[in-house]
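Trainee: Coordinates for the following, if possible.
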Amino acid sequence: MNYPYQKQFQEFLRNQKKLAPLTVHTYDSTLTNFFNYLLANRPAFARDPRLANLTESDVRAYFNTLRTQQGITMGTYNKILSQLNRYFRYLFTHQLITTYPTLTLHGQAVDPGQRISTKWLAKLDAILQDDHVHYYTRLTLLLVKHGFTVGEFLQPGFYRVFDQVMITDPIEREFLRRYRDFIAPRQALQNSGDLFLKQRYQPDAPQLTNAGLHKYLRADQDYLGFHLAPKYLHQGYILTQLAAHRDLSDGELMDRLKLDPASLLYYQHLLLKLN
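Mentor: Numbering: from 1, shown residues only. Below you'll find the model as predicted:
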C-alpha cells in the first residue's frame, strides 16, 4: 500500500535530507509495514484510516507486536522508532497532522553490562549505507574493521596510511566515495587532508579530538544498539579475528593483531568465556 503523503515525504528525504536511495527505500518499507499492521490489527483505524485517528496506543501496540512475534533487537527497535519519528515530525512541522503519536516514545538504552559486541561486524555493510548514522561513526567502524585503533586514526597524517589500504568491498568503496564528498568542505576549510576534522576553523589544531569523536559516537549509540566506544569496538574486532583464525600460531596472531603475549592470552581467555 501507499502510506499517507508518501510522495511528499520521499521528496523531503531525497532533496532536503540528501538521503541515499537505499535509505529512502528503508523508510518506505518501515512505513508500509506499519500502516499495513494498523489496517489489519487496529479496528478503529481500519474503519476510518485517517492520520487524525492514529494514536500513540497504536504505535505502542505495533512495537509490542514486533517484540513478541518477531523478537526484534534493541537496535532494530531504535531504528524503526527513529524512522517513524522523522515521518511524524515531518507531518507535524508541515501542519499535516495536529498530534504527534511518537512524541513520548523513546529509544532503548544500550545495556552497560554488554559492552563488547562482535555482531556489528556482520552488519557493517548495512550500517555504512544507513544515513541515519553520522559519517564519523561509520568511518570509525570501517577503520576498526580494518584493524586500526582510535589512537592511530585520530593522529595527524593518518590519511596517508589509510591511502595504502586496499579496499576491495564494493559497499566500503562506495561509502568512502561518499565520505570524501562529505569531508571535502572541512578539509578545504582546515587546509588539511585528515579524515576527522572539526567543524570550525582551527588552524593550529584542526583534527577532531578523542572527546570530540565520542560526541558523535554517543549520539548514534542507542540507535545502533551496541557500545560505540572505540576500545570496545576494537576488542570486538580482535575477538572476531581470533575466532576466525584458530589455525594461526600465537606468534602469527600477535603479529597480525599487534598484541603482546599477555594481551593475546587475555583475549583468548575472554573468547572462551563468551563462547
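
Trainee: what's the helix or strand for the residue most central in space within the chain?
Mentor: Against the mean C-alpha coordinate of the chain, by Cα atoms, centre = their mean, the closest residue is Val133 at 4.2 Å. Counting by DSSP states H and E, no helix or strand carries Val133.

Trainee: Low-confidence stretches in the stretch 101-250 of the chain?
Mentor: The model of the stretch 101-250 of the chain has pLDDT under 70 over residues 108-114.

Trainee: Now with 90, please.
Mentor: For the stretch 101-250 of the chain, the stretches with pLDDT under 90 are 101-120, 122, 132, 203-204, 218-227, 231-232, 243-250.

Trainee: any idea how far the residue nearest to the centre of the chain is from Trp120?
Mentor: 11 Å (Cβ to Cβ, to the nearest Å). Heads up, the C-betas are built off the backbone N, CA and C, glycines and all.

Trainee: Common neighbours of those two, please.
Mentor: By the contact definition Cβ atoms under 8 Å, 6 or more residues apart in numbering, Val133 and Trp120 are jointly contacted by 127, 224.

Trainee: Check the offset of stretch 220-239 from the chain's centre.
Mentor: Offset of stretch 220-239 from its chain centre (Cα atoms, centre = their mean, to the nearest Å): 11 Å.

Trainee: quick one, phi psi at the residue nearest to the centre of the chain?
Mentor: phi -90, psi 130 (degrees, to the nearest 10).

Trainee: any idea how far it lies from Arg180?
Mentor: 17 Å.

Trainee: ok, the residue of the chain most remote from its centre to Thr30 distance?
Mentor: In the chain, the residue that sits farthest from the middle, by Cα atoms, centre = their mean, is Arg47; the gap is 37.4 Å. Arg47 sits 24 Å away from Thr30, going by Cβ to Cβ.

Trainee: what's the burial count for the closest residue in space to Asp260 that isn't next to it in sequence?
Mentor: Computed as Cβ to Cβ, 6 or more residues apart in numbering, the closest residue to Asp260 that is not its neighbour in sequence is Met254, at 6.9 Å. Met254: 15 surrounding residues under other Cβ atoms under 10 Å.
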